[in-house]
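> Sequence first, then the predicted structure, then my questions.
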Amino acid sequence: MISIQRAKELVAQNTHPLLKKVKKTLQLCGGYTLAETVYSSINMPPFRQSAMDGYALNLHEALEYQLIGEIKAGDGAEPNLKPGEAVRIFTGAPVPDSANAVMMQEKIQLENKRIILSEAISEGTNIRPEGEQVTKGAIALKEGTVLTPAAIGFLSSLGITEVLVYDKPKIAVITTGNELVGPDQPLTYGKIYESNSEMLRAALESLDFNAVTVHKVEDDFNKTKTLLDKVLNENNLVIITGGISVGDYDFVGKALKEIQVEEIFYKVKQKPGKPLFFGKRNDSSVFALPGNPAASLTCFYIYVYIALQNMTHRKSQELRCIKAISTSEFLKKGDRPQFLKAICQDGTVTILEGQNSSMLHTFALANALVFADEAITKINQGDVLETVLLPT
C-alpha cells in the first residue's frame with residue numbers, strides 16, 4: 001500500500017502525451033490541444049475601430065464640432081473629415097483615417113447639426129488601432145495551447161476554420177458485477193441499478209472527452225479476461241469499476257495479470273478508494289477503481305484526471321487546491337488520509353453529512369473534496385483545510 005502522493009507521482013510518470021495529430025474543423029476542437037503554432041493571416045482588428053458609441057472627431061482647438069454624417073458597424077464608407085468636423089459612430093465601426101479620436105456619447109451635447117464636448121479629448125482616445133490584438137504574420141496561438149471557448153472564438157475572428165491538434169485518448173469504461181442491472185430492467189430482489197458507467201461517462205464528457213465506450217461484464221474470469229484484452233487493444237485508457245478487491249468473485253486483478261498488464265501500484269493509503277489499481281500494457285493505461293460509486297468518483301478526480309491531463313499535453317495536471325476555512329466539525333476515524341465531500345463557497349468549506357463510499361447523494365451536492373491527512377483526528381470550525389475544487 002502506497003501513499004497518495006506516491007500514487008499521483010506514479011500516474012504522472014507512467015502516462016504520456018499522445019503524439020497522434022489530426023486536422024479538425026475549429027468548431028469541433030473544444031478541449032483539444034494545438035499541435036502547431038497558428039499564425040494570423042490578417043490584422044485584428046483589420047481596421048481602426050471605435051471602442052465606444054459616440055462621435056469620431058478630427059480634432060481642433062475648440063470643443064464644438066460640425067456633425068456631417070454617421071458610421072455604423074459594418075459600414076464600408078470612409079468620409080473625409082476636416083478639422084472641426086465629426087461623425088456619429090458606433091462600437092465596432094471603422095474609424096475614418098481623417099478622425100483621430102472618439103468621444104463617448106455621454107460627454108457631448110447635441111444641438112441640431114453641432115455637438116459640444118463637455119471636456120477636451122486626447123488624440124487616439126477610444127480608437128482600437130489596426131492590429132491591436134495581433135498583426136498579420138504574427139503568432140496567434142502557440143503549439144500546446146488548449147482550445148478553450150475563448151481560444152476558438154479568437155481563431156474564428158481571424159477567419160481560421162480548421163487547425164492541427166493532438167488527438168484525444170480513446171477511452172473504455174467497464175463495469176463489473178452480477179448484481180447490476182440497467183435502468184430499463186426490472187429491479188428484482190438482490191439487484192441494484194448500475195450507475196458508475198453513466199457517472200464516469202458524464203465526468204469524462206464534462207472534461208471534453210467524448211470518445212468513450214461503455215462495457216459491462218459479469219463476474220466471470222474468462223469473460224472478464226477476454227473483454228479486458230479486447231478493449232486494451234482498442235483504447236488508450238481503460239477505466240474499470242468493481243471487481244478489483246480480493247473476494248471470491250473479484251476477477252479483475254487476476255485477469256489483468258493473465259493478459260500481462262504491468263502493475264504500477266495496487267492499493268493506496270486513503271479513504272475512500274483504498275483498493276485502487278493502476279497499470280499499463282504497451283501504450284494503454286488501466287485504472288481499476290473501487291465499485292462503490294463515491295469511492296470510484298473520488299479516485300477518478302484525484303488520479304485518472306492526472307492521466308487525462310498528461311495524455312492531452314496539459315501543463316496543469318491536478319485539480320486546483322485551495323485553503324478554505326471550515327464551517328463545520330468532523331471526527332475522522334482511522335489512520336488513513338481522507339477525501340471528504342464538501343461545499344466550498346467564498347473561502348469557506350462545509351463538510352457534508354453522509355461520507356460513506358457507497359453514497360452518491362452527498363457527492364451530487366458537493367463541489368469540492370476536503371483533504372484530511374493522517375495526522376488529523378478532528379476538524380473544528382475555523383480550521384484551515386486543504387480543499388480540492390471539483391470541475392462542476
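Here it is on my side, so go on.

> Residue ranges of each domain in this structure, please.
The chain resolves into domains spanning 4-18+168-311, 30-43+137-166, 49-128, 321-389 when parsed by automatic domain parsing.

> For K24, find the nearest of these.
domain 30-43+137-166 (5.6 Å; CB to CB). Where C-beta positions appear, they are placed from N, C-alpha and C, glycine not excepted.

> Quick one: end-to-end distance for the closest one.
Counting by CA to CA, to the nearest Å, you get 12 Å between the two ends of domain 30-43+137-166.

> Do a quick rundown of the helices in the stretch 151-300 of the chain.
Taking DSSP state H, counting those that start in this stretch as the criterion, the stretch 151-300 of the chain carries its helices at 196-206, 221-234, 252-258, 293-299.

> and the residue nearest to K107 when sequence neighbours are not counted, what does it touch?
Spatially, and ignoring its direct neighbours in sequence, K107 is nearest to S118 (4.6 Å; CB to CB, 6 or more residues apart in numbering). Applying CB atoms under 8 Å, 6 or more residues apart in numbering, one finds that S118 lies in contact with 63, 107-109.

> How about F339?
The neighbours of F339, taking CB under 8 Å, 6+ apart as the test, are 270-273, 298, 302, 369-372, 388.

> One more pass at 10 Å, please.
4, 270-273, 294-295, 298-299, 301-302, 355, 368-372, 388 (CB atoms under 10 Å, 6 or more residues apart in numbering).

> Distance check, it against V11.
Remark: distance between F339 and V11 (CB to CB, to the nearest Å) = 16 Å.

> What is the neighbour count of N233?
Around N233 there are 11 other residues, counting by other CB atoms under 10 Å.

> meant to ask about L204
By other CB under 10 Å, neighbour count at L204 equals 21.

> leaving aside the residues next to it on the chain, what's closest to it?
The shortest distance from L204 to any non-neighbouring residue, by CB to CB, 6+ apart, is to V212 (5.3 Å).

> gap between that neighbour and S316?
Relative to S316, V212 is positioned 22 Å away (criterion: CB to CB).

> Which one of these two is surrounded by more residues?
Counting neighbours by other CB under 10 Å for V212 and for S316 shows that V212 has the greater number, 20 against 8.

> doesn't V231 make contact with that one?
No - under the criterion of CB atoms under 10 Å, V212 is not in contact with V231, lying 11.5 Å apart.

> Quick check: neighbours shared by these two?
Here V212 and V231 have 170-173, 237, 239 as joint contacts, going by CB under 10 Å, 6+ apart.

> Just give me the closest of the contacts of S118 to G74.
Proximity of the contacts of S118 to G74 (CB to CB) peaks at I108, which lies at 23.2 Å.
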